[in-house]
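Undergrad: pasted the sequence and its predicted model underneath.
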Amino acid sequence: MLRIALLLLCLQFMQVQSVRARGEAGAQGQQVLESTYLCANGQGVHLTYLYDLAGPALAVMGYQGQQVVMRQTRSASGLRFVALDEQAGLRWHVKGDAGIVLFLAADHTASERVLARDCREAGSRAYRLPH
């Protein structure tokens, strides 16, 4: 299942890159970071991050049986990711080794709701995708 999520992440990554950026990134390759977090409420969150020097980071979040493709957005501190599918409503904000899972309904009057807080990194591994 993780390999399918990673494949979806890679396909989405290629769609959002410009032709120029893909040309520059091809020589560098993409870096993948897989991290598992354990939250204060006992829930686990698995993130597979895909980074490229030429463009924004993407991630696939595994949470409560869902695999959600996310894109990085601006954050005052740390890293913030939002679901590409607005209907999914999931968000992930991580700073250092701690993160929080949030939900925002696809409604302009909605407020973010915390689903899991104090998520601490329990393990990770990094590698590069072949060109």
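TA: Yep, that arrived. The model shown is predicted, which means the values in this text are computed figures rather than measured ones. Residues are numbered from 1 along each chain as shown.
Undergrad: element containing the residue nearest the centre of the chain?
TA: Within the chain, one residue has its C-alpha closest to the average C-alpha position: by CA atoms, centre = their mean, that is residue 59, at 2.6 Å. Using DSSP states H and E, residue 59 maps to strand 55-63.
Undergrad: can you spell out which helices and strands pack onto that strand?
TA: Packing partners of strand 55-63 (3 or more CB pairs under 8 Å, 6 or more residues apart in numbering; DSSP states H and E): helix 2-16, strand 44-52, strand 66-73, strand 79-83, strand 90-95. For the C-beta atoms, the positions are set from N, CA and C on the backbone; glycine is no exception.
Undergrad: how about a cut-off of 7 Å?
TA: Strand 55-63 makes packing contacts with helix 2-16, strand 44-52, strand 66-73, strand 90-95 when contacts are defined by 3 or more CB pairs under 7 Å, 6 or more residues apart in numbering; DSSP states H and E.
Undergrad: the last one pairs with which strands, parallel or anti?
TA: By that I understand strand 90-95. Strand pairing for strand 90-95, determined by DSSP bridges: strand 79-83 (antiparallel), strand 98-103 (antiparallel).
Undergrad: what residues of that strand count as buried?
TA: By neighbour count, with 16 or more other CB atoms under 10 Å as the criterion, the buried positions of strand 90-95 are 90, 91, 92, 93, 94.
Undergrad: quick one: it to strand 44-52, angle?
TA: On the basis of axes from the mean of the first three to the mean of the last three CA atoms, to 10 degrees, strand 90-95 is oriented at 80 degrees to strand 44-52.
Undergrad: tell me, how many residues neighbour residue 117?
TA: Here the neighbour count serves as a burial measure; for residue 117 (other CB atoms under 10 Å) it reads 13.
Undergrad: partners of the helix or strand harbouring it in the sheet?
TA: Following DSSP H and E, the helix or strand that holds residue 117 is strand 113-128. Partners of strand 113-128 in the sheet, by DSSP bridges, are strand 31-38 (antiparallel), strand 98-103 (antiparallel).
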